[in-house]
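K.L.:
give me a model of this one.
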Amino acid sequence: MKPKTTRAIAAVLLFFSLLTGCSAINDRLNVSSDTSGEGGVTAPTDQGLKPDFVPPDYNNNDKTVELGNEQKLVKTATIAMTAKNIQTAQTEIDLIAKRYSGYVYYMQQSQTSEKRYLTITIKVATANFDTAIEEIKKLGTTSNVTLDVADVTTQFIDTEARIKTLKIKEETLIGILAKATEIQDILAIESSLQQTRQEIESYEGQLNALKNSTQFSRITVQVSDETGLATTEEPESAWDRFRNNFSKGLRYWADTAVDVISGIIFLLPVLLPLAVILFIARKVVRRNPNHWSNRIGPDGTPLYHRTPNRTAQQSPPADPDQTPKSKS
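P.N.:
Predicted coordinates for the structure are as follows:
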């Protein structure tokens, strides 16, 4: 890389680094606080104008940064209340969000043994923020309301100024890149240009998020059932209880039968070979002459094949030694 080109690139990068820091300082000096505590932005005076650097004339004072007098506020609210009907409250809150150009941002329902609960977050146009809160409070008995307002005017102006400065830097690098001839110079400029574009995209994302937060305000509503489940639900009749219990019993036995059949089918690959092995083992064991099924009884018949329903038992053979002797 040529020494002159290197020094030129270094000078440009150093110049815009100083420019970025100075622009942030000047923006903060142009922000003043209101005596009411809400804060505000004053219009720039002749002494506070920051020159808009346009290459190649960096001392051009004709263009100025317009800060504006509009205040950028982020408003949020949390409302805790009770309602007679949770479902009706949810429907009404959804309609309020749509009525004021908003939408449902988050919703969750939960239930205990005694009550039902609803947590819903909506976003409405900031201009209708107060009106939407008043309409939501009419849906039930409000127990707590929390409001929070954050002034992001300084952050908003600072982000816009940084984007402007980075875009000027981008245009300057593109002009230098068009005149560069050495490969090393081209690679160095392209690397700096890519980094600058990434910074621009990052700040633009932050600016879009700030715009969305200031244009739409968030309201979170926490609703609980006013009367509880015990009084809102009608008691079941005797017929309804019988029918429900009968249906539950049928479902229970049907599920049990399905589980048993499924278990048998699942075990068939194991039960079938096991049954075959037991059958073969039984046949082999019974062929053994010493097996109990092959034993012979006193009457000369196999014990295993003896008829079980005999009416009379055969008496054992008489012992010759115990035969009574006749008197001589």
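K.L.:
ok, longest helix in this structure?
P.N.:
Longest helix in the chain by number of residues (criterion: DSSP state H): helix 238-286.
K.L.:
just give me the neighbour total for I219.
P.N.:
Per other CB atoms under 10 Å, the neighbour tally for I219 reads 25. Just so you know, the C-beta spots here come from the backbone N, C-alpha and C atoms, and that holds for glycine as well.
K.L.:
I'd guessed it sits against T126; true?
P.N.:
No. Counting by CB atoms under 8 Å, I219 stays clear of T126, with 11.1 Å between them.
K.L.:
distance check, the closest residue to L207 other than its chain neighbours against K137.
P.N.:
Leaving aside its chain neighbours, L207 sits nearest to T159 (4.8 Å; criterion: CB to CB, 6 or more residues apart in numbering). For T159, the distance to K137 equals 35 Å [CB to CB, to the nearest Å].
K.L.:
out of the two, which sits in the busier spot?
P.N.:
Using other CB under 10 Å as the criterion, T159 and K137 rank with T159 on top: 22 against 14.
K.L.:
before we move on, which element is that one in?
P.N.:
Using DSSP states H and E, T159 sits in helix 153-179.
K.L.:
list the buried ones in that helix?
P.N.:
Neighbour counts over helix 153-179 (16 or more other CB atoms under 10 Å) mark 153-154, 156-166, 168-170, 172-173, 176 as buried.
K.L.:
what segments of this structure are helices?
P.N.:
Counting by DSSP H, the chain has helices at residues 3-29, 86-99, 129-137, 153-179, 183-215, 229-232, 238-286.
K.L.:
weakest of those by average pLDDT?
P.N.:
For these, mean pLDDT drops lowest on helix 229-232, to a mean of 48.
K.L.:
let's have the helices of the chain in TSV, adding distance to E114.
P.N.:
As requested, the helices of the chain are exported to TSV (distance: least, CB to CB, whole Å):
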stretch	distance to E114
helix 3-29	54
helix 86-99	13
helix 129-137	24
helix 153-179	45
helix 183-215	38
helix 229-232	6
helix 238-286	21
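K.L.:
nearest to I120, of those helices?
P.N.:
helix 86-99 (5.5 Å; CB to CB).
K.L.:
packing partners of the closest one?
P.N.:
Contacts defined by 3 or more CB pairs under 8 Å, 6 or more residues apart in numbering; DSSP states H and E place helix 86-99 against strand 103-111, strand 116-125, helix 129-137, strand 216-225.
K.L.:
re earlier: what's the angle between the helix holding T159 and helix 183-215?
P.N.:
Taking axes from the mean of the first three to the mean of the last three CA atoms, to 10 degrees, one finds helix 153-179 and helix 183-215 inclined to each other by 160 degrees.
K.L.:
against which helices or strands is helix 153-179 packed?
P.N.:
Contact here means 3+ CB pairs under 8 Å, 6+ apart; on that basis helix 153-179 packs against helix 3-29, strand 31-32, strand 40-41, helix 183-215.
K.L.:
what is the neighbour count of A97?
P.N.:
22.
K.L.:
how close does it sit to V104?
P.N.:
In terms of CB to CB, A97 sits 6 Å off from V104.
K.L.:
likewise for A188?
P.N.:
Counting by CB to CB, the gap from A188 to V104 is 51 Å.
K.L.:
spatially nearest residue to R218 (excluding sequence neighbours)?
P.N.:
The nearest residue in space to R218 (CB to CB, 6+ apart) is T76, at 4.8 Å.
K.L.:
I'd assumed I219 was in contact with that neighbour.
P.N.:
Yes. Counting by CB under 8 Å, T76 does reach I219; the two are 7.5 Å apart.
K.L.:
out of everything not next to it in sequence, what's closest to A132?
P.N.:
Spatial nearest neighbour of A132, excluding adjacent residues (CB to CB, 6+ apart): V124 at 4.7 Å.
K.L.:
give me the beta-bridge partners of the one you found?
P.N.:
S217 (DSSP bridges).
K.L.:
report pLDDT for it.
P.N.:
94.
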